[in-house]
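Asker: Sequence and predicted structure, then a few things I'm wondering about:
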Amino acid sequence: MTRLICALMLLGILAACQRNREHSPVAPPASRIATVPIRKAPGPPMRTLLGQVAYDPASFAQVMARLPALSVVSIRIFPGDRVSRGETVMVLKSPDFLSAESELASILANPGAKGRKSVGGIRVLAEQKLRLLGASRKEIERLERTRRPVDRYEVRSPLSGTLIRIGPSEGAQVRIGDLLFEVSDLSRLWVQAFLYPGEEKGLLRGSPVSIVPLHEEGIVGSGRILRIAPFIDPNTRTIPLRISLDNAGGHFRPDSWVRIRIPVGDGKSAPVFLVPERAIVRTKEQKTAVFVKKKEGGPTLVPVTVIGHLKEDVEVRGDLESGDRVVTEGILPLLSQAGS
């Protein structure tokens, strides 16, 4: 009997402890909130666009075969190598080139076969034919000196730069119009970007912009707006933007993605503020916002417009003030409380 009474008393004590635990206050989520001060963005208002680096057509060349060749005898320069203007990239074995050289060699070997005036005209035509095929002055001088035509056709680079691509491999047959190689001066590039209608206001041709690689830090390139297209791309419903990029340092590569910082408006528009990227949230309506804590009261959800990125911060516009604090930790409980 004594044991039964003790057991009942123990159960009563445990039940009382459980009731006290259920009614004890729970620390509010706000106690785990971390905030940082909002800062005003330095300098004039800027906007960040995403762009892609491309070759500048003025410093890019595709070299096509001007005559057929039985085979590619040798390739002397390979993709990624530097090449000078006039330097031989590959050598082809071409009966057609041999025929053109034989024609000039025959004229040189029989200067008195016809009148001097007519022979001179035929010789000029034969030399021009060789030049159109790509023969250099040295090759013509060699032919004038030796009178021995060859079937080796040397293909040279039309400009100084970097060899981008080789078409045929050694031993391959070549037809007229086949791509032989591509070369580009990578110190001058383009950046292609797009603007939404209305964003082009305030932008002028020649305006300076800064360009930053998407996946590298500490590198800033300079460029200028070349052209703001006077039409809307029907596929993307955006306005194409073309920018020149000075790549003398070789930090940018074609087809890579970059961030472009361009001026926004006339400087009289709403100020731009800096907030950490982790403070940006998306509401159920897929709109961007931040939780702002004023000097008095709790955090409030404030809609913002993202203008661009500056290092690890995001540039935004909205109903913000310097001195406000933005929530960076403890955001999920706040979102659930706000119903977003």
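Answerer: Perfect, I can see it now. Residues are numbered from 1 along each chain as shown.
Asker: who's residue 212 bridged to?
Answerer: residue 259 (DSSP bridges).
Asker: C-terminal to the helix or strand encompassing residue 309, what's the next element?
Answerer: Residue 309 belongs to strand 300-310 when assigned by DSSP states H and E. Later in the chain than strand 300-310, the nearest helix or strand by DSSP H and E is strand 313-318.
Asker: Could you name the helices and strands sitting against that next one?
Answerer: If you count contacts as 3 or more Cβ pairs under 8 Å, 6 or more residues apart in numbering; DSSP states H and E, strand 313-318 packs onto strand 46-55, strand 273-276, strand 288-293, strand 300-310. The C-beta positions use only the backbone N, C-alpha and C, and glycine is treated the same way.
Asker: which residue ranges form the helices in this structure?
Answerer: Along the chain, counting by DSSP state H, helices occupy 2-22, 95-109, 116-133, 137-146, 331-338.
Asker: ok, back up a step: what would the helices and strands packed on strand 313-318 look like in a markdown table with distance to residue 150, mean neighbour count and mean pLDDT?
Answerer: Formatted as a markdown table, these follow (distance: least, Cβ to Cβ, whole Å; neighbours: other Cβ atoms under 10 Å; pLDDT from 0 to 100):
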| stretch | distance to residue 150 | mean neighbour count | mean pLDDT |
| --- | --- | --- | --- |
| strand 46-55 | 35 | 18 | 89 |
| strand 273-276 | 68 | 21 | 87 |
| strand 288-293 | 69 | 21 | 88 |
| strand 300-310 | 60 | 17 | 82 |
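Asker: With respect to residue 227, which of those strands lies nearest?
Answerer: With Cβ to Cβ, the closest approach to residue 227 among these belongs to strand 46-55: 13.2 Å.
Asker: quick one, that closest one and strand 300-310 angle?
Answerer: 40 degrees (axes from the mean of the first three to the mean of the last three Cα atoms, to 10 degrees).
Asker: Just checking: what are the partner strands of strand 46-55?
Answerer: Applying DSSP bridges, strand 46-55 is found paired with strand 188-195 (antiparallel), strand 257-263 (antiparallel).
Asker: Could I have the CA atoms of it written out in CSV?
Answerer: C-alpha atoms of strand 46-55 as CSV (Å, rounded to 0.1, in the frame of the first residue of the first chain):
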residue,chain,number,x,y,z
MET,A,46,24.8,53.2,-61.6
ARG,A,47,23.0,50.1,-62.9
THR,A,48,24.5,46.7,-63.5
LEU,A,49,23.8,44.7,-66.6
LEU,A,50,24.8,41.2,-67.6
GLY,A,51,26.8,41.0,-70.9
GLN,A,52,28.7,38.6,-73.0
VAL,A,53,32.2,39.3,-74.5
ALA,A,54,32.4,38.8,-78.3
TYR,A,55,35.0,39.3,-81.0
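Asker: Identify all contacting residues around that strand.
Answerer: Contact with strand 46-55 is made by 164, 184, 189-195, 199, 211, 214, 241, 243, 245, 252-264, 272, 307-310, 315, as judged by Cβ atoms under 8 Å, 6 or more residues apart in numbering.
Asker: quick one on the thing from earlier: of the helices and strands packed on strand 313-318, which is nearest residue 232?
Answerer: The nearest among the helices and strands packed on strand 313-318, by Cβ to Cβ, is strand 46-55 at 16.2 Å.
Asker: what angle separates the closest one from strand 313-318?
Answerer: 130 degrees.
Asker: Going through the contacts of strand 46-55, which ones are buried?
Answerer: For those, a burial check counting by 16 or more other Cβ atoms under 10 Å picks out 164, 184, 189-191, 193-195, 199, 211, 241, 243, 245, 252, 254, 256, 258-264, 272, 307-310, 315.
Asker: quick one, what contacts the nearest residue to residue 238 once chain neighbours are set aside?
Answerer: Nearest in space to residue 238, with sequence neighbours left out and distances taken as Cβ to Cβ, 6 or more residues apart in numbering, is residue 194 at 3.8 Å. By Cβ under 8 Å, 6+ apart, the residues touching residue 194 are 49, 233, 236, 238, 239, 240, 241.
Asker: show me what contacts the last one?
Answerer: Meaning residue 241. Going by Cβ under 8 Å, 6+ apart, residue 241 touches 49, 51, 192, 193, 194, 195, 200, 225, 227, 228, 229.
Asker: What separation do you get for the fourth one and residue 124?
Answerer: Okay, so that is residue 193. Distance of residue 193 to residue 124, computed by Cβ to Cβ, to the nearest Å: 50 Å.
Asker: Which of the strands paired with strand 46-55 has the lowest mean pLDDT?
Answerer: In terms of average pLDDT, strand 257-263 trails the rest of the strands paired with strand 46-55, at a mean of 88.
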